[in-house]
Structures are given as structure tokens and as C-alpha cells.
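Build me a model:
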Amino acid sequence: MEETGLSPTQLQRLLEVGRGLVSELRPDAVLRQVLETARDLTGARYAAIGVLDPAGGALERFVFIGIEDELRQRIGDLPRGHGILGELIRDPRPLRLTQLSHHPRSYGFPAEHPPMESFLGVPVVIRGRIFGNLYLTEKRGGEEFDERDEQLVVVLAEWAAVAIDNARSHEVEARRTVELERVMRGMRATVSLNRELTGETDLERILELVAKRGRALVEASSCVVLLLGASGSSLQVAAWAGEPAPDERIDVPATPATAVRAALGSRENTPLDATAIGQLGLEGRSALMAPLRMRGRPLGALVAIDRLRNGPGFDDDDDLALSAFAVSAATAIGATQQADAEKRRLSIASSERERARWAREIHDETLQELSALRVMQESALHLDDPETMRRALKHASEQTEHLISGLQGLITELRPAALDQLGVAAAIEALVNRVGDRAELTIEVDVDLPADDGGSEHRLDAELEATIYRIVQESLSNVAKHAGAGRARVMVEARDGRVGITVEDDGHGLQPGDPSPGFGLIGLRERAELVGGSINVTPGVKGGVRVTADLPLLARR
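Predicted coordinates:
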């Protein structure tokens with residue numbers, strides 16, 4: 001270190017001051033500490049630091065100590081870098097004056113300004129650029145600042161430059177860390193949402209997760225999911241997280257005149273003020289509205305209302321995080337809506353096929369038998385011989401009983417009471433007995449489904465039970481009508497969250513050119529798809545036909 005003329009005590013003090021400054025990581029605290037130290041080392045009454053604007057031609061900040069707040073208010077505006085302060089900006093070298101007023105660039109002070117005579121100014125240089133200047137005035141005892149004071153303040157300014165640069169770098173890094181944490185939080189929220197939604201098919205549950213995760217992501221007071229109605233002209237509050245919650249779901253008009261309609265048509269997030277929030281029938285001071293779009297089609301919007309920390313407004317990081325989150329949310333919502341629509345379509349198609357099938361059954365069997373019965377009764381009425389008439393009416397009565405039995409069987413096949421009362425295993429057992437007796441077919445049956453603690457069958461989802469029963473029913477019906485089989489086997493087994501169904505026979509099997517619809521399985525394929533399963537029809541291992549189905553095991557809700 002060059003000769004400074006400073007005493008060992010002063011050098012030790014500067015070293016201690018430097019250590020203290022560089023350990024401070026808040027820029028404003030560093031400036032305040034520099035001022036306190038400079039005033040203490042030199043005996044100055046007033047100390048200030050003027051921070052230059054980015055252009056370097058004027059002061060954008062003026063930090064001072066020594067003047068009380070009341071006096072500061074009376075003085076008026078803070079200095080902007082004119083007069084002596086401007087001289088240091090133009091010529092950034094140490095400046096020491098005995099009388100401020102004697103300098104040719106001195107402009108004087110405002111009326112309420114305290115008198116100042118002695119002056120010492122030193123530039124603060126950070127990485128070769130002027131950061132600002134350190135000013136000291138009014139040395140105690142009416143003395144002037146000497147060369148030793150100047151040396152002390154020059155060294156202090158160097159320490160200050162290092163400390164300010166260090167604090168600003170730390171501030172930048174801290175801000176970047178916060179930004180990175182928020183980006184990571186957004187990514188984690190998106191990944192968490194995707195993980196939770198894997199395999200989820202309940203739209204209401206998906207909407208609830210989107211609202212909760214979206215609110216947590218941007219630390220909002222509340223978050224609402226709005227979905228477009230079927231007509232596309234209104235919005236409905238579909239899910240809500242936070243407070244206050246609406247008492248009930250409401251329809252929110254989305255007319256072209258509102259900011260809401262503009263936001264829905266945009267691909268970017270839209271900030272909303274209190275007026276626009278009110279157009280949604282909601283309450284809040286500030287909101288961020290992220291459009292929910294899937295393949296260019298608007299689904300609705302995700303609205304975060306009033307940021308809790310450093311709010312109520314949302315910043316650019318919130319905008320970015322919510323945008324990324326809304327993309328995943330829209331994909332989950334749109335895919336589930338499409339799946340629900342497809343499920344409804346398949347359900348309707350399956351119901352129509354089943355209605356057509358039963359219509360054919362009634363037309364081909366029941367109606368023909370009723371027609372034959374009517375002809376038989378009319379013929380009996382024209383008989384002259386009482387005995388012959390009695391035999392004819394007896395035969396008609398027998399036919400009536402047969403017809404009643406057939407109708408009872410048809411009703412049972414439509415919806416067996418055992419399926420609702422005892423479960424799918426009991427219903428399949430009864431079905432096997434009926435089909436076996438009617439078709440003179442030997443049928444082996446093995447049903448292994450979950451049981452409760454008492455050993456009774458654990459009831460499954462009603463739709464799944466109906467699907468299992470219908471697959472077995474239709475498969476056995478095909479065997480009885482078309483296979484020419486003597487034996488058949490039915491297996492229903494639950495393993496690893498799935499239900500496997502196998503129905504096979506020893507009949508003549510699939511004939512060349514036989515289309516699979518000939519086996520009446522189109523409706524069953526659709527029914528299986530409705531519960532997320534599949535069906536295959538293949539030749540049997542020992543001849544005949546083998547029908548296999550794989551369905552997800554769903555517990556009754």
C-alpha cells in the first residue's frame with residue numbers, strides 16, 4: 001500500500017470499516033453505513049452520497065444524514081447535480097473547499113437550508129465507472145477539511161465502491177434466485193398437475209386440482225376456472241380455490257364489449273382491473289387471466305385474483321408461470337371433455353344397438369308367437385265339436401304359458417334382478433344355468449372377484465358390473481345360437497387392478513369370411529370402451545371361438 005500519511009490507528013479503523021462494509025449485503029444499508037463512517041472519521045456534521053443516473057449526467061438519488069426530516073421537508077426538492085455537486089460530476093476528482101460560497105460554480109442554498117462552509121467531495125468509482133460522489137460539509141469546530149481527511153475519505157470511497165458492487169451483485173443474484181425458484185415452482189406445479197391427472201377421468205376433480213395448483217403457483221388470494229358454455233356465448237364458474245368463494249355457480253356473460261371477451265380471444269395473458277373482475281361477477285383489485293386453449297380452440301380461462309405477497313398486482317414472472325401452467329391445464333381439461341363427449345356418443349350408440357337387438361328379438365319371437373296364438377284362438381272359435389274346441393283352447397293356453405315364460409326370460413335378460421341384488425357373480429351363475437338348460441349346453445363357470453371381510457362379493461362399480469354381465473351374456477348367446485357347441489367355459493377373474501373375462505366353446509369356430517359383427521360384438525366393444533377396456537375375438541385353442549375382454553377394476557363409488 002502507498003504511503004498515505006495516516007496513523008496506524010486510522011489505518012486499523014479503515015480496515016475494520018472495510019470488513020464491515022463488504023459483509024453488508026443490502027445496497028441501501030451500505031450507503032447508510034458509508035455516510036456514518038465518513039462523518040465519524042472526519043468530524044463532518046453533514047454527509048451525503050449522490051448516485052448518478054444511467055446517463056451519468058445528473059443525480060437520480062441523494063442519500064444524506066445530519067438533517068432532520070422536518071427541516072428536510074422545509075428545504076424542498078433534493079439536489080439534482082447542479083452547482084458544486086455538478087462540478088464533481090463533470091470532473092470526478094477529490095474536491096476540498098474552505099468556503100463553498102467562494103467557488104465560482106456555487107449557486108447558494110434554498111432559504112431553509114442550514115449554512116455550510118467547509119466541503120469535501122470524493123467520487124465513488126465502481127469497475128471503472130462513476131457510481132456517484134461522497135459529500136461532506138461543516139467540519140466540527142469550524143475547521144476546514146485537511147489532506148488527511150481527504151486521504152481517509154478516498155480510501156473509504158474505495159471501500160464503499162467494493163461494498164456497493166458486492167451488495168448489488170448479491171442483490172441481483174438473490175433476485176435471480178427468487179426468479180429461478182418461482183420458475184422451478186411453476187415447473188413443479190405443472191409436473192405435479194400432470195402426475196396427479198394421469199389416469200384421472202373425472203372432469204370435476206381435474207378442475208378442482210387446476211384451481212388449487214394455479215392459486216398456489218402465483219400465491220393468489222383466489223383462483224377461478226371459467227369454462228365456456230355449450231353455446232360459446234357465456235362463461236361458467238367451474239371451479240374455485242381460495243376466499244371468498246361464490247355461493248353457487250353462476251353464468252358470466254362474455255360479450256364483445258368486455259375485457260373478458262378480448263382476453264378469451266387472445267393467446268396471451270391479460271391483466272384485469274377491478275372493473276373487469278366485476279364483469280366476471282367476482283371481487284378483487286387485480287387479476288391475471290390466462291386463456292385455456294386446446295389446439296386453437298378456446299375452452300375458457302384461468303383467473304388468479306389479488307397476489308397475497310407483494311400484491312395485489314402480478315409481475316412478469318407470475319405471467320410466465322401461469323402461462324405455462326395454463327397450457328397443461330387446458331390439455332387436461334380439453335382431453336377429458338373430449339373423452340366425456342366420446343363416452344356419451346358411444347353410450348348412445350351402444351344403447352341404440354341394444355334397443356335394435358331387443359326389438360328384433362321381440363319381433364322375431366314374441367310377436368310371431370302372439371300372431372300364431374291369435375290364429376289358433378280364432379280357429380278354435382269356429383269349431384263345432386266341443387271336444388275339439390276344448391283341445392284347441394288347451395293348446396292355446398299352453399302356448400300362452402310358453403309365451404309368458406319367454407317374456408319373463410326376456411325381461412330377466414334385459415336386467416336380471418340378481419345383478420342388482422346379489423352382484424355380478426350370482427347373476428352370471430343364473431345366466432349360465434338358463435342358457436345351459438335352454439340350449440342343452442354344458443357350461444363350466446369360474447368367477448373370482450374381490451370379496452369383503454365376511455367372504456361376500458365386494459360390489460364393483462355398477463357400470464362395470466353391467467359390462468361384465470353383458471359381455472358374458474352376449475358371448476353365451478352367440479355360442480347357443482351359432483356355434484353348434486356341446487361345451488363352453490366362462491372365466492371372470494380380477495387381478496392387479498384389472499378384470500379379465502374369457503368365454504370359449506368347442507363349436508365349429510370362425511368360418512372363412514365371417515365378419516366379427518356376425519358374432520354380435522360391436523355393441524360389446526363399445527360398452528367395453530366406455531369403461532376403458534377392450535375385447536378380442538380369436539379362434540379357440542381346441543376349436544370354437546374364444547372371446548377375451550380386459551377391463552379396469554373400478555371400486556363402487
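
Going by C-alpha atoms from here, please, whenever you check contacts or count neighbours.
Fine.

tell me which residues in stretch 392-403 are buried?
Neighbour-count burial for stretch 392-403 flags 392-393, 396, 399, 403 (criterion: 16 or more other C-alpha atoms under 10 Å).

I meant stretch 141-159, not that one.
Buried positions in stretch 141-159, judged by neighbour count with 16+ other C-alpha under 10 Å: 144-145, 149-159.

just those residues: which has the poorest pLDDT?
The pLDDT minimum for the buried residues of stretch 141-159 sits at residue 159, where the score is 80.

On the three-state scheme, that one is what?
Remark: residue 159 carries the secondary structure label helix [criterion: DSSP: H, G, I helix; E, B strand; the rest coil].

State the distance from it to residue 401.
To residue 401, residue 159 is 111 Å away according to C-alpha to C-alpha, to the nearest Å.

Let me see the ranges of the strands in the stretch 1-150 of the chain.
44-52, 59-65, 95-97, 119-126, 129-139 (DSSP state E, counting those that start in this stretch).

Take the buried residues of stretch 141-159 and keep only those in helices.
With helices defined by DSSP state H, the entries of the buried residues of stretch 141-159 inside them are 149-159.

Can you add distance to residue 498 and give these back as TSV?
Output for these, formatted as TSV (distance: C-alpha to C-alpha, whole Å):
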residue	distance to residue 498
149	87
150	86
151	85
152	83
153	81
154	81
155	79
156	77
157	76
158	75
159	72
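
how far away is residue 155 from residue 167?
From residue 155 across to residue 167, the span is 18 Å (C-alpha to C-alpha).

Nearest the middle, which residue of this structure would you pick?
Closest residue to the average C-alpha location of the chain: residue 210 at 3.4 Å, with C-alpha atoms, centre = their mean.

what about residue 331, which helix or strand?
For residue 331, the element it lies in under DSSP states H and E is helix 316-361.

average pLDDT across that helix?
Looking at helix 316-361 alone, the average pLDDT works out to 71.

repeat for stretch 204-215
Summarised as a single mean, pLDDT over stretch 204-215 is 87.

quick one: that stretch to chain centroid distance?
Chain-centre distance of stretch 204-215: 6 Å, with C-alpha atoms, centre = their mean, to the nearest Å.

and it, which residues are buried?
Buried residues in stretch 204-215, defined by neighbour count with 16+ other C-alpha under 10 Å: 206-215.

and residue 282, that one's in a helix?
No: for residue 282, which was evaluated using three-state DSSP, the result is coil, with no helix membership.

roughly how far apart are it and residue 72?
Using C-alpha to C-alpha, one obtains 45 Å as the distance from residue 282 to residue 72.

out of these two, which sits in the more crowded spot?
Regarding residue 282 and residue 72, a neighbour count based on other C-alpha atoms under 10 Å identifies residue 282 as having more, with 17 against 13.

any idea how far residue 276 is from that one?
Distance, residue 282 to residue 276, using C-alpha to C-alpha: 9 Å.

Then residue 176?
When C-alpha to C-alpha is the yardstick, residue 176 and residue 276 sit 32 Å from each other.

which of those two has more neighbours?
Legend: neighbour count by other C-alpha under 10 Å for residue 176 and residue 276, higher for residue 276 (19 against 12).

Please, which helix or strand holds the more buried one?
helix 274-279.

Pull out the buried positions in that helix.
Of the residues in helix 274-279, those buried under the neighbour-count criterion (16+ other C-alpha under 10 Å) are 275-277, 279.

And stretch 39-58, by the same measure?
For stretch 39-58, the buried set under the neighbour-count rule, 16+ other C-alpha under 10 Å, comprises 39, 41-52, 58.

What average pLDDT does it get?
84.

start to end distance for that stretch?
OK, stretch 39-58 end separation, C-alpha to C-alpha: 24 Å.

ok, now stretch 62-76?
Taking C-alpha to C-alpha as the criterion, the two ends of stretch 62-76 lie 13 Å apart.

Tell me the gap between that stretch and the middle of its chain.
Average the C-alpha atoms of stretch 62-76, do the same for its chain, and the two points are 51 Å apart (C-alpha atoms, centre = their mean).

next one: stretch 270-287
In terms of C-alpha atoms, centre = their mean, the centre of stretch 270-287 is found 21 Å from the chain centre.

okay, how far is it across it, tip to tip?
End-to-end distance for stretch 270-287, by C-alpha to C-alpha: 8 Å.

before we move on, back to that, nearest to residue 486, of the buried residues of stretch 204-215?
For residue 486, the closest of those turns out to be residue 206, at 50.5 Å, with distances computed as C-alpha to C-alpha.

Isn't that closest one up against residue 332?
Yes: assessed by C-alpha atoms under 8 Å, residue 206 is found in contact with residue 332 at 7.4 Å.

So this structure: which segments form each domain?
Described in terms of automatic domain parsing, the domain architecture of the chain consists of the residue ranges 8-172, 199-343, 423-557.

Out of these, flag the one nearest residue 184.
When those are compared by C-alpha to C-alpha, domain 199-343 sits nearest residue 184, at 9.1 Å.

Got the phi and psi for residue 303?
Backbone geometry at residue 303, expressed as degrees, to the nearest 10, gives phi -120, psi 120.

no no, residue 508
Here residue 508 shows phi and psi, under degrees, to the nearest 10, equal to phi -80, psi -10.

From what I see, it and residue 483 are in contact.
Yes: at 5.8 Å, residue 508 counts as touching residue 483 under the criterion of C-alpha under 8 Å.

Between the two, tell me which one has more neighbours.
Comparing residue 508 with residue 483 by other C-alpha under 10 Å, the one with more neighbours is residue 483, at 19 against 16.

Might one say that that one is in contact with residue 476?
No: proximity of residue 483 to residue 476 does not meet the contact threshold set by C-alpha under 8 Å, at 9.6 Å.

ok so, going back, redo the buried residues of stretch 141-159 as CSV? Include distance to residue 532.
Formatted as CSV, these follow (distance: C-alpha to C-alpha, whole Å):
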residue, distance to residue 532
144, 91
145, 89
149, 85
150, 84
151, 83
152, 81
153, 79
154, 79
155, 77
156, 75
157, 74
158, 73
159, 71
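
Just the closest of the residues you listed to residue 129, please.
Taking C-alpha to C-alpha as the measure, residue 129 sits nearest to residue 158 out of the buried residues of stretch 141-159, at 12.4 Å.

if we look at stretch 37-48, which residues are touching it?
For stretch 37-48, contacts defined as C-alpha atoms under 8 Å, 6 or more residues apart in numbering pick out 17, 35-36, 62-67, 134-140, 145, 149, 152-153, 156.

rerun that using 7 Å as the cut-off
35, 62-66, 134-140, 149, 153 (C-alpha atoms under 7 Å, 6 or more residues apart in numbering).

I'm done for today, thanks for sticking with me.
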